[in-house]
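[1] Requesting a structural model of the entry that follows:
(one chain, ligands or ions: 1)
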Amino acid sequence: MLPVPHLILASASPARLTTLRRAGLNPEVIVSDVDETAVFGPTPAATAELLATMKAEAVVGRIEPVPGTVVLGCDSLLELDGQALGKPETTEAATERWRAMRGRTGVLHTGHCLMEPATGRRAVATASTTVRFADVTDAEIGAYVATGEPLRVAGAFTIDGRGGAFVEGIEGDHHNVVGVSLPLLRRLCAALGIAWTALWELPA
Ligand SMILES: Nc1nc2c(ncn2[C@@H]2O[C@H](COP(=O)(O)OP(=O)(O)OP(=O)(O)O)[C@@H](O)[C@H]2O)c(=O)[nH]1
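    The predicted model follows:
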């Protein structure tokens, strides 16, 4: 009898948790507290994947390797002009970001690392979604930055919050922009022999 899979989300992201719960999963959350500032890969997508792996590894190192447990680490970055953009540190940085990206297209990369502590097996991949930004005005940028939302999210925008009005369109997975790609996660689970539907919590 295979053990019932137990998913641990190695992330403080409320949006990742909400996305997984709405998809029928009910992960346990253990925040990795990985310092993301000094980590750089050869490309923005590689950096996101490296950070996702570091987050999953940090949590795996702190738990018992119980059979059936899988740990998911994620990291999201916006690629614009070849640069990897995480959360803006200041309101000035958020303003500059929006002045640079308005009317243009960026790519939101989310790295995913799914690890199975009991076997040491892992499945790692990055999903990328092209995002087309509206040509917002300086006044709209000022009002949006003043809400504080851009400071809390990778790329200084949300697709499902106040920033939604400033995203003209996307090409690729919507949830990947929010912070976790559900179709990619399903494939990573399959790579570890876990059926996606086995992770579903039965309705209460
Ligand atoms: N709701 C929402 N959140 C977004 C969006 N884009 C990025 N984010 C969030 O921006 C954050 C990106 O920073 P990360 O370093 O990947 O994750 P974190 O929130 O710092 O949490 P950790 O995984 O513990 O590092 C995540 O919480 C994403 O969910 C979006 O369109 N909508």
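
[2] How about the lowest-mean-pLDDT helix or strand in the chain and the ligand, any contact?
    Within the chain, no helix or strand scores below strand 83-85, which has a mean of 95 by mean pLDDT, DSSP states H and E. No - judged by C-beta under 6 Å from any ligand atom, strand 83-85 and the ligand are separated, with a smallest distance of 10.5 Å. No exception for glycine: its C-beta is placed from N, CA and C like everyone else's.

[3] just checking, what packs against the following helix or strand past that strand?
    Moving toward the C-terminus from strand 83-85, the first helix or strand encountered (DSSP states H and E) is helix 91-101. Packing contacts for helix 91-101, counted by 3 or more C-beta pairs under 8 Å, 6 or more residues apart in numbering; DSSP states H and E, involve strand 69-80, helix 138-147.

[4] okay, the ones you listed, which one's buried deepest?
    strand 69-80 (a mean of 25; mean count of other C-beta atoms under 10 Å).

[5] That strand versus helix 91-101: what angle between them?
    For strand 69-80 against helix 91-101, the angle by axes from the mean of the first three to the mean of the last three C-alpha atoms, to 10 degrees is 70 degrees.

[6] Partner strands of strand 69-80 and their direction?
    Partners of strand 69-80 in the sheet, by DSSP bridges, are strand 6-9 (parallel), strand 83-85 (antiparallel), strand 105-116 (antiparallel).

[7] Other residues contacting the shortest one?
    For strand 83-85, contacts defined as C-beta atoms under 8 Å, 6 or more residues apart in numbering pick out 40, 43-44, 47-48, 77-79, 97, 106, 109, 154-156.

[8] I am finished for the moment; much appreciated.
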